[in-house]
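Asker: need the 3D shape of this:
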Amino acid sequence: MATLILSVVGSDRPGLTQALAAAVLSAGGNWLESHLSRLGGLYVGSVLVELDADGVEALRSGVQSVDAQGLEVRIAPAIDAPGAGGDEVLFGLVGQDRPGIVHQVTAVLSGIGVNIESFDTHIRAEPHSGAPLFHLDARLRLPPALKAEDVQAALEAISAEIMVDISLASAKSR
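Answerer: Residues are numbered from 1 along each chain as shown. Prediction:
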């Protein structure tokens, strides 16, 4: 069996997900997981598929027809990830939007050895003032010796500087 990641980007329009799903199915593949969205007016995302090793060329051919429809698709082999490590925690952040929030938060997380397993951000207008509020939701994997309280303390050390509210919760409790 081969496990592959399809990375996609193209002009958003109806039918793109179906065209991609048809290419996977026609190659005998199984669609395992995906993250697809409209971002900056484009259709972007990634799809994890599994198929017999002899179906990889059929998938490449199927993807070429999707490419011809205006969706650029890149195929990369998935790799076996090392052990999961320590605890998994959910991290949320909300604050007035300004440049540098992502940089400062990721610098703190990287500095203490935390791996970001998923990372979603968006901006919404604050209900009362209409000011842009930055929202970040992430799933973090801690190194074995690090506890959620340590991550909370490290993030709280910058929360006043970047003027955000943060929350951390064990992924087990959800």
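
Asker: list the contacts for the residue most central in space within the chain?
Answerer: What sits nearest the mean C-alpha location of the chain, by C-alpha atoms, centre = their mean, is residue 118, with 4.3 Å. The contact partners of residue 118, by C-beta atoms under 8 Å, 6 or more residues apart in numbering, come to 35, 138, 139. Placement of C-beta: from N, CA and C, glycine included.

Asker: show me what the helix or strand containing residue 165 is packed against.
Answerer: Remark: residue 165 resides in strand 164-170, with elements defined by DSSP states H and E. The contact analysis (3 or more C-beta pairs under 8 Å, 6 or more residues apart in numbering; DSSP states H and E) places strand 164-170 against strand 88-96, helix 148-162.

Asker: where do the helices sit along this structure?
Answerer: Using DSSP state H, the helices of the chain run over residues 16-26, 56-68, 101-111, 148-162.

Asker: report the angle between the second one and helix 16-26.
Answerer: Relative orientation of helix 56-68 versus helix 16-26 (axes from the mean of the first three to the mean of the last three C-alpha atoms, to 10 degrees): 160 degrees.

Asker: what sits up against helix 56-68?
Answerer: If you take C-beta under 8 Å, 6+ apart as the criterion, helix 56-68 is touched by 2, 4, 6, 19-20, 22-24, 26-29, 49, 51, 73, 75.

Asker: one more time with 6 Å
Answerer: Contact with helix 56-68 is made by 2, 19, 20, 23, 26, 27, 73, as judged by C-beta atoms under 6 Å, 6 or more residues apart in numbering.

Asker: what about the helices and strands packed on strand 164-170, which gets the closest to residue 104?
Answerer: Comparing the helices and strands packed on strand 164-170 against residue 104 with C-beta to C-beta, the closest turns out to be helix 148-162 (5.5 Å).
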